[in-house]
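Asker: Dropping the sequence and predicted coords here.
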Amino acid sequence: MRPLSAAFERKYGIKVSYWRGDSQAAGLRLAMEHRAGRTQADVWSTASGIGALLDAGLIERFAVENAAALGPQFRDPDGYWVATNMIVFGAAVNTGLVAERDRPQAPEDLLAPRWRNQMVWKQNDITGAWGFIGNVLTTMGEERGLAYLRKLNAQNIAPVGASTRAILDGVIGGEHALVLGVSAHNTEISRKAGAPVAWLPLRSAWATPHTIGVTSGAPHPNAARLLVDYAVSREGQEIFRQAGYLPARPDVPPLSAAISPQLAGFPVNVLAPEALERNLAHWSDVYMEIFR
């Protein structure tokens, strides 16, 4: 967000201030401001929770020119969101603690005795346990997936109440051997900077578009649409590329092929926003039933 804001300010002379939190925290803040009649955010951006934002009347339709350059999976047909980038999730290991020959290649490998008490995840988001569970259930099927998850529970995965970036930093620092549910781009950024970490798709990674849109009752609606349009313009997408992300525009390839399922050749299960809204509560219930 920092380089995007700076570039937008230079181009249009419009000052941007922003607040950062996970998807649940962002949705809660929008709802509280809305109920208080003191909406401050012109633009929202989140990886999950669009259904709740819609149901609460917190976001509104908009149209921007550069949305036409996005593929259909990166723009809402009803006009409530566009995607700035695709987030691809998998596992990550500390390469100093886990030799290459010992790194898991598939979900079943996580059931090996060596991984008992060695794994962590974020417990309450698509970026962590919920996303891992959803990926298992949609790729294996409900019956086989639930049976696998019950076996996995015996491995005592530790829930960590922190952002996935902070959890990844714990893996890099040697606090944990392996994290389930971390983005390929964050891992690759750290690896290229020399950190002892490797990202693992575990046979099938999962992914979701990171969405952005206009807040209902935005104090500056024209500036809001301009910022959203800039984020998905070729110029804006180049900023995402240079920051190490997987851009949403097909004409802007990622800086590193390793984070792209198409370029790196690993399978991916794309969880569209509609699928998240339909299934996230169920995946949360499965987590509470099996892992708590």
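Answerer: The structure has been received and is ready for your questions. The structure displayed is predicted, hence computed values, not measured ones.
Asker: For Trp81, give me its contacts.
Answerer: 50, 59, 75, 211-213, 273 (CB atoms under 8 Å, 6 or more residues apart in numbering). From N, CA and C alone the C-beta is placed, and that goes for glycine too.
Asker: repeat for Leu58
Answerer: Leu58 makes contacts with 27, 30-31, 34, 44, 215-216, as judged by CB under 8 Å, 6+ apart.
Asker: Excluding covalently adjacent residues, which one is nearest to it?
Answerer: Using CB to CB, 6 or more residues apart in numbering and skipping the chain neighbours, the partner closest in space to Leu58 is Leu30 (4.9 Å).
Asker: Now do Leu227 against Ala162, distance only.
Answerer: Plainly put, Leu227 is 29 Å away from Ala162 if you go by CB to CB, to the nearest Å.
Asker: The two: who's more crowded?
Answerer: More neighbours surround Leu227 than the other of Leu227 and Ala162, with 22 against 15 (other CB atoms under 10 Å).
Asker: where does the more buried one fall, helix, sheet strand or coil?
Answerer: helix (DSSP: H, G, I helix; E, B strand; the rest coil).
Asker: if you look at the contacts of Leu58, which of them are in strands?
Answerer: Residues of the contacts of Leu58 located in strands (DSSP state E): 44, 215.
Asker: Out of the contacts of Leu58, which end up buried?
Answerer: Among these, the ones that count as buried by 16 or more other CB atoms under 10 Å are 27, 30, 34, 44, 215-216.
Asker: Skip the chain neighbours and tell me the closest residue to Val93.
Answerer: Per CB to CB, 6+ apart, closest to Val93 is Leu178, 4.8 Å.
Asker: Name the residues of the longest helix anywhere in the chain that are buried.
Answerer: For the chain, the helix that runs over the most residues, judged by DSSP state H, is helix 273-291. Buried residues in helix 273-291, counted by 16+ other CB under 10 Å: 273, 276-277, 279-280, 283-284, 286-287, 291.
Asker: again with stretch 41-59
Answerer: For stretch 41-59, the neighbour count (16+ other CB under 10 Å) marks 41-50, 52-54, 58-59 as buried.
Asker: And that stretch, end to end?
Answerer: End-to-end span of stretch 41-59 (CA to CA, to the nearest Å): 11 Å.
Asker: show me what contacts the nearest residue to Thr215 once chain neighbours are set aside?
Answerer: Take Thr215 and drop its neighbours on the chain: the residue closest to it by CB to CB, 6+ apart is Ala41, 4.9 Å away. The contact partners of Ala41, taken as CB under 8 Å, 6+ apart, are 19, 29-30, 33, 215, 218.
Asker: and those as CSV, adding pLDDT and distance to Thr95?
Answerer: Formatted as CSV, the contacts of Ala41 follow (pLDDT from 0 to 100; distance: CB to CB, whole Å):
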residue, pLDDT, distance to Thr95
Trp19, 91, 34
Arg29, 91, 37
Leu30, 91, 39
Glu33, 91, 43
Thr215, 95, 42
Ala218, 94, 45
